[in-house]
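Student: Sequence plus predicted model, see below.
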There are 2 protein chains.
Amino acid sequence: MRNAQKLLAPVLELGCRGYVAPARWAARAAEEIATIDNSHRAPAGVIEVPSRLLMGPGPANAHPRILAAQTLPLLGHMHPPFLKIMDELSEGLRYTFQTNSKYTLMVSGTGHAGMEAAIANLVEPGDKVVVGNAGIWGERVAILSRRYQADVVEIKVPSGQTFSYETLKRTLLEHKPAVLFLCQGESSTGTHQSLAGLGDLCRQTGTLLLVDTVCSLGGVPLFADQWGVDCIYSGSQKCLSGPPGASPFFMSERAMEKLQRRKTPPATYNLDMNLIGDYWGWFGKRSYHHTAPVSTFYAMREALALVAEEGLEAMWARHQELHHRLWDGLRSMGLKPFVEKDEDRLITVNTIKVPEGVDWAAVVKNAMDTYSLEIAGGLGPTVGKIWRVGIMGFNAKPQNVDLVLDAFRDGLKRQGKL
Amino acid sequence: MRNAQKLLAPVLELGCRGYVAPARWAARAAEEIATIDNSHRAPAGVIEVPSRLLMGPGPANAHPRILAAQTLPLLGHMHPPFLKIMDELSEGLRYTFQTNSKYTLMVSGTGHAGMEAAIANLVEPGDKVVVGNAGIWGERVAILSRRYQADVVEIKVPSGQTFSYETLKRTLLEHKPAVLFLCQGESSTGTHQSLAGLGDLCRQTGTLLLVDTVCSLGGVPLFADQWGVDCIYSGSQKCLSGPPGASPFFMSERAMEKLQRRKTPPATYNLDMNLIGDYWGWFGKRSYHHTAPVSTFYAMREALALVAEEGLEAMWARHQELHHRLWDGLRSMGLKPFVEKDEDRLITVNTIKVPEGVDWAAVVKNAMDTYSLEIAGGLGPTVGKIWRVGIMGFNAKPQNVDLVLDAFRDGLKRQGKL
């Protein structure tokens, strides 16, 4: 505890030199300040970060090359070498999304920011939005769309199922919505929503097709242009092996036309794609909008470089093979998938039925305590009914899948269930 | 270029095993897919990040310990060791903001996200907001507040000046606004807005006092509680020496009461402080809202540990002394401050008048080309009139200030102006 005069000594002293301190402010402040309060000046100590293998629904562990990129020195957010890195990100996303669209970028925020960016920009107040709710992501998009004053038509399937083409066709023809939202990989239930044929349908009904690919991008096939998708957001910390904090984002020419036709700007300034696009050079020039998360963008530059090096086909096949390896092992223990139909099953986040009489939480706890391994329980309505195992990105390796199987075997044995 | 059958071979093959592939999707997709397009599969090469000393208005170079923390292995966003790091962030912010409020956290986004979080949560449609516009930050807050349907009363001062207590008092008494916005450090003009006495006034008029401290927090005195400030957002990449991507955020008990009294939730879900606060444990429990930018939060945990280790008084004095060192040197070259009044001058971002006949851009270019040193020109209405020199955080060291002076000396000499 120091008194005001002592506290402000450097300020007041330098203030006397006539060109340094805001003297008026210092004088006023001196009347106000009693002391610096040190009660929250906690001794810092060493940051404690245990090493864990993250085989839940995400984040997955990041690739070391990607983490290492974050130690590179910062650049200014408008420096030409940084703008070059942004261009590399846009181009890497074109490959990853399989699009020729100019309109790709990393949103400066996590997947939720990407979700909000999509809704805020595509939806004008009063627009009809059909939201496919197959789990918590659809539910969130419905909430979010209502906040942006959409007229939301929510369609639902029971947990563990997906929407059939026929249902979606009927709904589109009935409502002719401005936007149709679907989640390609619904991580709360472990389902994979087919997008086949929807692009054509959406063109017939004047609908923009918006797809969440947070836990699927890089792990399963996606062809933005050939499938006629209009807007996609994703996550950095799943199959792309990056840290959370950037959201891969894509808009089609049709989506951009709608954005530019808007009567009112999006409520959000921070996620206004007209302004952010200007920073990314979508419209030919470069204007400052915000300061990009420089270290995170370095990381994602490396993440997309790794995608280009391995190639999408190899990545998709790797995820597919390990999903197969996982289920070979799980079935040998008598465990069964939560998702009934083969064709509805997501390969990146696998959901496993908890058998009767098994303490699911004890299996999860044993995996963490014995193996420093994260496997997860359910989320929302699936809590207690399922386990969730992610096989994504850098973590999609045989030895990791085998460790997951060891942990299940051990966990069940300890309960006398194997 | 591969054909569809070959591309989907692993999918289709595994699909035949009956529990792996979404066969319906694969079959449909096979009809649709012609080829993977490799035209955007750019050869990655090595990421190019030149080393630069960033003495512009920000970002400043990050402290190596802070950058290094970003290589630590990822943790899940709800793992107890990560929640502990979040608690350390909240506590570190209490010290840095000088508050006992429960309501401190890092917004998962850059300073602009913090700005939007503040407006979106404090302002209900129709609320009167007085925005002190002394440069581009006030201007942005005015735009943003209008998007959130505030009734904005914009007050202005000429570039390089600040609002007097008397002006603010008169405005508050006249409008009795819901919110008064001021920018403590206006980096586009280099002014320091005094906050003395405003907390009391705002309590009389039922006004919440909202302050932007993006380029001032940690560099100049701030006492959130003792000065009666109700909401603050800041940046990570200035005086706190972190990477951009997290926004220190604070709300007072009064601001929280207003938030909880709202008739409608904020339009933004991503930045809804009722939901984000729930993730940070503001209300006693912990609910998932979004996946925090884990690496960036590690970094900021170290940044705030460094603040606690050095201590606020020492940090403020260091910034003050180097501002003095800079101006001693600049004055010896005949250069003059853009901000006329001593008491209006910001010490963290210094603005320097470009003398008649001097090519300001050539000085900036020479600094970069010869010294790998960033000094900046003006922003918005100050372009061409000023240079801007930041002395912030890790970069606030005598040798860096001396290099800036060398670069000015050299730049002026090359033009025959010294």
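Tutor: Perfect, I can see it now.
Student: who does the longest helix anywhere in chain A touch, helix- and strand-wise?
Tutor: As assigned by DSSP state H, the longest helix anywhere in chain A is helix A:312-332. For helix A:312-332, the elements it packs on are strand A:349-353, helix A:398-414, helix B:9-15, judged by 3 or more Cβ pairs under 8 Å, 6 or more residues apart in numbering or on different chains; DSSP states H and E. (Each C-beta comes from the backbone N, C-alpha and C, glycine too.)
Student: Between these, which one is closest to B:Pro73.
Tutor: For the helices and strands packed on helix A:312-332, distance to B:Pro73 was read as Cβ to Cβ. The smallest value, 13.9 Å, belongs to helix A:398-414.
Student: what mean pLDDT does that closest one have?
Tutor: For helix A:398-414, mean pLDDT rounds to 98.
Student: What of stretch A:200-220?
Tutor: Regarding stretch A:200-220, the rounded mean pLDDT is 98.
Student: Then stretch A:301-309?
Tutor: 98.
Student: Buried residues, it. List them.
Tutor: A:301-308 (16 or more other Cβ atoms under 10 Å in any protein chain shown).
Student: quick one: A:Pro381 and A:Ser159 touch, right?
Tutor: Yes - counting by Cβ atoms under 8 Å, A:Pro381 sits close enough to A:Ser159 to count as a contact (5.6 Å).
Student: Compare the two (neighbour count), which wins?
Tutor: Comparing A:Pro381 with A:Ser159 by other Cβ atoms under 10 Å in any protein chain shown, the one with more neighbours is A:Ser159, at 21 against 14.
Student: quick one, domains of chain A?
Tutor: A:1-48, A:64-310, A:312-414 (automatic domain parsing).
Student: Looking at the ones you listed, which is nearest to B:Ile143?
Tutor: For B:Ile143, the closest of the domains of chain A is domain A:64-310, at 6.4 Å, according to Cβ to Cβ.
Student: And that closest one, end to end?
Tutor: Start to finish, the residues bounding domain A:64-310 are 16 Å apart (Cα to Cα, to the nearest Å).
Student: distance between that domain and the chain's centre?
Tutor: Here the centre of domain A:64-310 is set off from its chain's centre by 9 Å, with Cα atoms, centre = their mean, to the nearest Å.
Student: circling back: which of the buried residues of stretch A:301-309 fall in helices?
Tutor: Short answer: the buried residues of stretch A:301-309 in helices (DSSP H) are A:301-308.
Student: and chain B, which of those reach it?
Tutor: Near chain B, taking Cβ under 8 Å from any Cβ of the partner chain as the test, the members of those found are A:301-302, A:304-306, A:308.
Student: from those residues, which is closest to B:Asp410?
Tutor: So of these, ranked by how close each gets to B:Asp410 (Cβ to Cβ), first place is A:Arg301, at 33.7 Å.
Student: what's the closest one in contact with, if anything?
Tutor: By Cβ atoms under 8 Å, 6 or more residues apart in numbering or on different chains, the contact set of A:Arg301 is A:69, A:85, A:88-89, A:92, B:47.
Student: Quick one: closest of the helices and strands packed on helix A:312-332 to A:Ala62.
Tutor: helix A:398-414 (14.0 Å).
Student: Now do the closest one against helix A:312-332: the angle between them, please.
Tutor: Calculated by axes from the mean of the first three to the mean of the last three Cα atoms, to 10 degrees, helix A:398-414 forms an angle of 20 degrees with helix A:312-332.
Student: Which residues does helix A:398-414 contact?
Tutor: A:53, A:55, A:322, A:325-326, A:329-330, A:333, A:335, A:358, A:362-364, A:366-367, A:370-371, A:373, A:375, A:389, A:391, A:418.
Student: ok, of these, which come out buried?
Tutor: By 16+ other Cβ under 10 Å, these give A:53, A:55, A:322, A:325-326, A:329-330, A:333, A:335, A:358, A:363-364, A:366-367, A:371, A:373, A:375, A:389, A:391 as buried.
Student: and the stretch 101-250 of chain A, which of its residues are near chain B?
Tutor: Residues of the stretch 101-250 of chain A found near chain B (Cβ under 8 Å from any Cβ) are A:108-113, A:115-116, A:140, A:143-144, A:147-148, A:165, A:192, A:194-197, A:221, A:223, A:225-227, A:235, A:237, A:243-245.
Student: which among those residues end up buried?
Tutor: Among these, those scoring as buried are A:108-113, A:115-116, A:140, A:144, A:147-148, A:165, A:192, A:194-197, A:221, A:223, A:225-227, A:235, A:237, A:243-245 (criterion: 16+ other Cβ under 10 Å).
Student: Nearest residue to A:Asn121 in space, please, no chain neighbours.
Tutor: The shortest distance from A:Asn121 to any non-neighbouring residue, by Cβ to Cβ, 6 or more residues apart in numbering or on different chains, is to A:Met273 (4.5 Å).
Student: number of nearby residues for the one you found?
Tutor: 26.
Student: And for the one 5 residues further on?
Tutor: When neighbours are defined as other Cβ under 10 Å, A:Asp278 has 17 of them.
Student: To which secondary structure element is it assigned?
Tutor: Assigned by DSSP states H and E, A:Asp278 belongs to helix A:273-280.
Student: what does that helix contact?
Tutor: Applying Cβ under 8 Å, 6+ apart, the contact partners of helix A:273-280 are A:86, A:90, A:103, A:105, A:107-108, A:117, A:121, A:251, A:259-260, A:265-266, A:269, A:283, A:285-290, A:292.
Student: Stretch A:369-386 now?
Tutor: A:50-57, A:135-136, A:139, A:159, A:187-190, A:338, A:351-354, A:360-361, A:363-364, A:367-368, A:387-390, A:403-404, A:406-408, A:410, B:76, B:79, B:288.
Student: end to end, how far does that stretch reach?
Tutor: One end of stretch A:369-386 sits 20 Å from the other (Cα to Cα).
Student: Break down the stretch 151-300 of chain A into its helices, ranges please.
Tutor: Using DSSP state H, counting those that start in this stretch, the helices of the stretch 151-300 of chain A run over A:165-175, A:198-204, A:253-261, A:273-280, A:294-310.
Student: Would you mind pulling up the elements that the third one packs against?
Tutor: The reference is to helix A:253-261. If contacts are counted by 3+ Cβ pairs under 8 Å, 6+ apart, helix A:253-261 sits against helix A:111-122, strand A:208-212, helix A:273-280.
Student: could those go into a markdown table alongside distance to A:Gln399?
Tutor: Shown next, in a markdown table, are the helices and strands packed on helix A:253-261 (distance: least, Cβ to Cβ, whole Å):
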| stretch | distance to A:Gln399 |
| --- | --- |
| helix A:111-122 | 28 |
| strand A:208-212 | 30 |
| helix A:273-280 | 39 |
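Student: Relative to A:Ile155, which of these is closest?
Tutor: Of all those, it is strand A:208-212 that lies closest to A:Ile155, at 14.3 Å by Cβ to Cβ.
Student: Partner strands of that closest one, with direction?
Tutor: strand A:179-183 (parallel), strand A:231-233 (parallel) (DSSP bridges).
Student: Could you list the single helix or strand in chain A with the lowest mean pLDDT?
Tutor: Every helix and strand in chain A was compared by mean pLDDT, DSSP states H and E; the lowest is helix A:9-15, with a mean of 40.
Student: Please identify the buried residues of stretch A:89-100?
Tutor: So, applying 16+ other Cβ under 10 Å, buried residues of stretch A:89-100: A:89-99.
Student: Give the helix, strand or coil label for A:Ala142.
Tutor: The three-state label given to A:Ala142 by DSSP: H, G, I helix; E, B strand; the rest coil is helix.
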